[in-house]
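no sequence on this one, just coordinates:
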């Protein structure tokens, strides 16, 4: 009996190794619509989820989504708790030092200011942004007083309750919120192009996986399916390839 | 959930609410209450065990064991919880995987640390990347239990260390006079009597532990505060069938009721426990109990 259990365990172990590379765990935040969010039924949904699933199908990989808090999303990637990050993460030099990015699957983003007052001073007032984002870095340099929040939701709430004069975030994240606010919130100031577009983050040691996803993204750019997805999730205004 | 929920926009308020409160996301929110209660039920005894071992170690006559106990208590109590939860858990996970890597992949030729990357062979991953999602969740939950137990164990160790010294010296001397060995004195005299001194400190720890569960999300375990924040956040019509404004206040109000209720229940249980522990003890309260009964 003991022997039988041992054999089963050994088989289970070897089986585990044989297929180990075929399941790719995809990390996301789940709090940044339309890029990624949790839908009504409690599952991850959004542009990046649909895109990621299509990429996995093209690369013939089995993928599994995991949510992780934004603050610790890179440490958990390099520590191997999941294999990719698709979380609306802009490609920046700072991040490139720690992780690798595929080619972008979302063109360089424009960020925008939103405020309750049409004449808000976005270079001298108080501006909220999500911590550890390119937007936060930009606000810090702009001369405005920066207040950081852990989640995008809180950055908007800070403007609504008057704690901040304006919020600075991705235009595509702000657009649906401004549209649904019934005139309470408006865009102010000029839009600012930031970062090198949004790409999929991978460990620097995972060159093979990076090449696989690069190829899959390239093929989706070529046959126009990526553009269809962009328009579906972000509307006609979005920049396409 | 209900059959009439297919088109929420057409529903009246009550029906809309019924549908809204039974979405899959809300069910996950309700389930998170179970996760939190389970975590508390598992963590509290584990932390107490850590605390007991820490206190016993700190009291040891062997300087090495005593040193380990004292360093554990001082070090963990001094490190901010959030730093502990962000870095220690990743380090703990890496330590497990490193050990498994040494055992399972002895002929692996690449370095484990490649720049900032931590790379072990696929067979050493914990859990295996092929494992179903629930195993990853259970593993995350266990990491959470261990981390909570280490943190709260250090505080509990300090409380128990003090409680052991609070047991009247006369009790120990009497035990020695009866010819009990050090081991017998410890288990039969010291340990049964120390709880009454430890309980006020331990009950404080319990209350803090109840409210520390939002730290769970740092470990990837979705707790009630995570769901309340997500569900309460502004929902635009584009991404949900149930758009609403910033309702976080209502969700946090519900959490407030839960936490206050839970605190009240804890208080009742703890005060009953105190009465029990006081029974027959050489303390003022124990003496008062004896007189009242007499």
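Sure thing, it's come through. Treat the numbers as computed from the prediction; the structure is a model and nothing was measured. Numbers count the residues shown, from 1 in each chain, chains lettered A, B, ... in the order given.

shouldn't residue A:86 be in contact with residue A:27?
Yes - Residue A:86 is in contact with residue A:27 according to Cβ atoms under 8 Å; the separation is 7.5 Å. Any C-beta I mention is one placed from the backbone N, CA and C, and that applies to glycine too.

higher neighbour count, those two?
residue A:86 (27 against 23; other Cβ atoms under 10 Å in any protein chain shown).

name the residues contacting each of residue A:86 and residue A:27.
Common neighbours of residue A:86 and residue A:27, using Cβ atoms under 8 Å, 6 or more residues apart in numbering or on different chains, do not exist here.

what bridges to the residue nearest to residue A:85 when sequence neighbours are not counted?
Counting by Cβ to Cβ, 6 or more residues apart in numbering or on different chains, residue A:85 lies nearest to residue A:201, which is 3.7 Å off, once chain neighbours are set aside. Taking DSSP bridges as the rule, residue A:201 bridges to residue A:85, residue A:101.

okay, now the unreliable bits of the chain?
Since you didn't name a chain, this refers to chain A. A:1-22 (pLDDT under 70).

switch to chain B, that's the one I care about
Ranges of chain B meeting pLDDT under 70: B:1.

show me where it has its helices.
B:13-20, B:24-59, B:63-78, B:81-83, B:89-104, B:133-166, B:169-177, B:182-184, B:191-211, B:224-232, B:248-278, B:284-293 (DSSP state H).

put together JSON lines for those helices, with mean neighbour count and distance to chain A on each row.
Shown next, in JSON lines, are those (neighbours: other Cβ atoms under 10 Å in any protein chain shown; distance: least, Cβ to the nearest Cβ, whole Å):
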{"stretch": "helix B:13-20", "mean neighbour count": "14", "distance to chain A": "9"}
{"stretch": "helix B:24-59", "mean neighbour count": "18", "distance to chain A": "3"}
{"stretch": "helix B:63-78", "mean neighbour count": "14", "distance to chain A": "20"}
{"stretch": "helix B:81-83", "mean neighbour count": "12", "distance to chain A": "10"}
{"stretch": "helix B:89-104", "mean neighbour count": "16", "distance to chain A": "5"}
{"stretch": "helix B:133-166", "mean neighbour count": "20", "distance to chain A": "6"}
{"stretch": "helix B:169-177", "mean neighbour count": "13", "distance to chain A": "46"}
{"stretch": "helix B:182-184", "mean neighbour count": "11", "distance to chain A": "37"}
{"stretch": "helix B:191-211", "mean neighbour count": "18", "distance to chain A": "18"}
{"stretch": "helix B:224-232", "mean neighbour count": "22", "distance to chain A": "6"}
{"stretch": "helix B:248-278", "mean neighbour count": "13", "distance to chain A": "8"}
{"stretch": "helix B:284-293", "mean neighbour count": "11", "distance to chain A": "45"}
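
can you tell me which of those is nearest to residue A:163?
Proximity to residue A:163 (Cβ to Cβ) singles out helix B:248-278 among the helices of chain B, at 14.3 Å.

what packs against that closest one?
Applying 3 or more Cβ pairs under 8 Å, 6 or more residues apart in numbering or on different chains; DSSP states H and E, we find helix B:248-278 packed against helix B:191-211, helix B:224-232, helix B:284-293.

of these, which is nearest residue B:274?
helix B:191-211 (5.6 Å).

got the angle between that closest one and helix B:133-166?
Interaxial angle, helix B:191-211 versus helix B:133-166 (axes from the mean of the first three to the mean of the last three Cα atoms, to 10 degrees): 140 degrees.

roughly how far is helix B:191-211 from the heart of the chain?
Helix B:191-211 sits 14 Å away from the centroid of its parent chain (Cα atoms, centre = their mean, to the nearest Å).

next one: stretch B:176-193
32 Å.

so where do the strands sit in chain A?
Applying DSSP state E to chain A gives strands spanning A:23-28, A:31-32, A:36-38, A:44-45, A:62-67, A:84-85, A:100-101, A:109-115, A:126-130, A:145-149, A:166-170, A:186-194, A:201-202.

and residue A:165, how many neighbours does it have?
22.

pretty sure it sits against residue A:146.
No - counting by Cβ under 8 Å, residue A:165 stays clear of residue A:146, with 11.6 Å between them.

what's the overlap in contacts for the two?
With Cβ under 8 Å, 6+ apart as the test, residue A:165 and residue A:146 both reach residue A:127.

one step back: Serialize the strands of chain A to TSV and add fields for distance to residue A:218.
Listed next are the strands of chain A as TSV, based on distance: least, Cβ to Cβ, whole Å:
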stretch	distance to residue A:218
strand A:23-28	18
strand A:31-32	25
strand A:36-38	22
strand A:44-45	25
strand A:62-67	18
strand A:84-85	16
strand A:100-101	14
strand A:109-115	20
strand A:126-130	30
strand A:145-149	35
strand A:166-170	24
strand A:186-194	23
strand A:201-202	15
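
of all those strands, which lies closest to residue A:177?
The closest of those to residue A:177 is strand A:109-115. By Cβ to Cβ, the value is 7.5 Å.

the closest one and chain B in contact?
No - using Cβ under 8 Å from any Cβ of the partner chain, we find that strand A:109-115 stays clear of chain B, coming within 12.5 Å at best.

name the helices or strands packed onto that strand?
helix A:134-142, helix A:152-160, strand A:166-170, helix A:171-180, strand A:186-194.

need the winner for burial among those.
Mean neighbours per residue, mean count of other Cβ atoms under 10 Å in any protein chain shown, is largest over these for strand A:166-170, with a mean of 27.

that one to helix A:152-160, inter-axis angle?
Using the same axes, to 10 degrees, strand A:166-170 lies at 150 degrees relative to helix A:152-160.
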